[in-house]
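Structure for the following, please:
(one chain, ligands or ions: 2)
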Amino acid sequence: MNIIPVPRVAVIVVAAGSGTRLGASAPKAFVGIDEHSILRHALDGVASAPSAQVVVVVPAGREGDARTEAEAAFGDRSDLVSVVTGGETRQRSVAAGLAALWADVECVLVHDAARALTPPAVFARVIDEVMRSRAGVVPARPVVDTLKRVDGAVVTAAVDRSPLVAAQTPQGFPRELLATAYADAVDEHTDDAALFAAAGHRVRTVAGDDLSFKITTPADLDRARHLLTPSRAASVVPRIGTGTDVHAFGGDGPLRLAGLEWPGESGLSGHSDGDAVAHAIVDAVLAAAGLGDIGTHFGVDRPEYAGATGTVFLRRVRDLVAEAGYAIGNVSVQVQANRPRMAGRRVEAESVLSDALGAPVAVSATTTDGLGFTGAGDGVQATAVALVYPLR
Ligand SMILES: Nc1ccn([C@@H]2O[C@H](COP(=O)(O)OP(=O)(O)OP(=O)(O)O)[C@@H](O)[C@H]2O)c(=O)n1
Ligand SMILES: C[C@](O)(CO)[C@H](O)COP(=O)(O)O
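Residues are numbered from 1 along each chain as shown. Ligands and ions are numbered 1, 2, ... in the order given. Okay, here's the model as predicted:
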């Protein structure tokens, strides 16, 4: 009987970059895609590969966070994982990972944490091809754009793309050959296969995967979030709420409505500023989040809200909803009134209300053909519908 030896495979996950092009406040690997970070998603993929050791290379100061992520991804296999501090460049980070390999590792895969959604099958393809060919192995995708050679902004030549591919990770290598190539390297290379080839070794390709795209820019992060959304969306049930408010004309001071002041228009009466539009939104959002209504939080027994503007209410509602674990999706509010004429300031009102609420507010307006109290010009009515969704 032929026994096929199982290779001792190590995966070095480089996650020590700062993510300049992503522009987030944390190092890229620690930025969330959903409730999990880029690094955690990358490690989930690595955990399904048949590896004997995993080395995670992270920025100085992030070693503890990386250990926590590794324990979550690997569970009772987390003793396979070493965490080391990276260097100034990707190449130096890979070198730091190589220095941490156990003596018996035969095959090394180097993987960008930034390629967080790489499917497990890619790891298997790369390992099989390294063991079969003893060459360096790169997962690759066809180049889809037409390529040009340029001098500044001037196109100097068309480039035949048929012999070109785009290189992804994980890239796999016989361990001793890669270690020696790294020890002897003089120039910087953007990937391990280039460094390996510069040392005179063969590099082959296997099929990569579109899901192995590198999260480099904010648009890439959006794409990753979008790809993970279907499973999330299925478990997220949004909630809607409605709200209505009415105020009579005859209050002191100028009219305040839809977050705006309307010089020359009569004011609305009320405990606060009588902004029926803002108040209808408050009721709709609170109802959607199951937080009662405007009286629950801003009743006439709260002297601090006497004369308060509608935008003060909206800002408070925004905080209440967030504290309750919801995000506001959007709000639609309709005003019924003869005056003021909303059309000329609708966009301005939407901007002020959206800004105060922290979510898009659409404002529409109508009259009632002279019917009812709004038709008689006695007051203003507003009706709002809000959508919120749970954050966890
Ligand atoms: N000094 C570095 C630089 C990069 N990397 C890692 O190499 C992979 C590919 O690099 P890239 O996507 O270019 O990441 P950053 O260098 O972080 O991005 P940027 O160039 O936008 O700063 C990433 O997983 C990154 O964490 C690393 O470990 N150490
Ligand atoms: C290694 C790599 O992911 C292969 O495509 C890439 O070269 C590293 O990222 P960079 O943006 O080129 O620095």
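
pLDDT below threshold where in the stretch 151-300 of the chain?
Under the criterion pLDDT under 70, the flagged ranges of the stretch 151-300 of the chain are 230-235.

Spell out which parts of it neighbour ligand 1.
Within the stretch 151-300 of the chain, the positions near ligand 1 by Cβ under 6 Å from any ligand atom are 214, 216. For every residue, glycine as well, the C-beta is placed using N, CA and C.

in the stretch 151-300 of the chain, which spans are strands?
Using DSSP state E, counting those that start in this stretch, the strands found in the stretch 151-300 of the chain span residues 154-159, 165-167, 171-174, 203-207, 239-257, 260-268.

between these, which gets nearest to E350?
Among those, the nearest to E350 by Cβ to Cβ is strand 260-268 (10.4 Å).

Name the residues of the closest one that are buried.
Judged by neighbour count (16 or more other Cβ atoms under 10 Å), strand 260-268 contains these buried residues: 260, 262, 267-268.

Distance to ligand 2 added to the strands of the stretch 151-300 of the chain, as a markdown table?
Listed next are those as a markdown table, based on distance: least, Cβ to the nearest ligand atom, whole Å:
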| stretch | distance to ligand 2 |
| --- | --- |
| strand 154-159 | 18 |
| strand 165-167 | 5 |
| strand 171-174 | 7 |
| strand 203-207 | 12 |
| strand 239-257 | 42 |
| strand 260-268 | 48 |
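
Number of residues surrounding the residue lying closest to F313 once chain neighbours are set aside?
Leaving aside its sequence neighbours, F313 sits nearest to V282 (Cβ to Cβ, 6 or more residues apart in numbering; 5.1 Å). Other residues near V282 come to 26 when the count uses other Cβ atoms under 10 Å.

can you tell me the helix or strand for V335?
Element membership of V335, judged by DSSP states H and E, is strand 326-336.

Export that strand to PDB, keeping only CA atoms.
Included here for strand 326-336 are C-alpha records, laid out as PDB according to Å, rounded to 0.1, in the frame of the first residue of the first chain:
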ATOM      1  CA  TYR A 326     -30.700  50.200  16.900                       C
ATOM      2  CA  ALA A 327     -29.600  52.200  13.900                       C
ATOM      3  CA  ILE A 328     -32.000  54.400  12.100                       C
ATOM      4  CA  GLY A 329     -32.400  53.400   8.400                       C
ATOM      5  CA  ASN A 330     -34.500  56.300   7.100                       C
ATOM      6  CA  VAL A 331     -37.500  58.500   7.800                       C
ATOM      7  CA  SER A 332     -40.200  59.900   5.500                       C
ATOM      8  CA  VAL A 333     -42.300  62.800   6.800                       C
ATOM      9  CA  GLN A 334     -45.200  64.600   5.200                       C
ATOM     10  CA  VAL A 335     -46.500  68.000   6.200                       C
ATOM     11  CA  GLN A 336     -50.100  69.000   5.700                       C
END
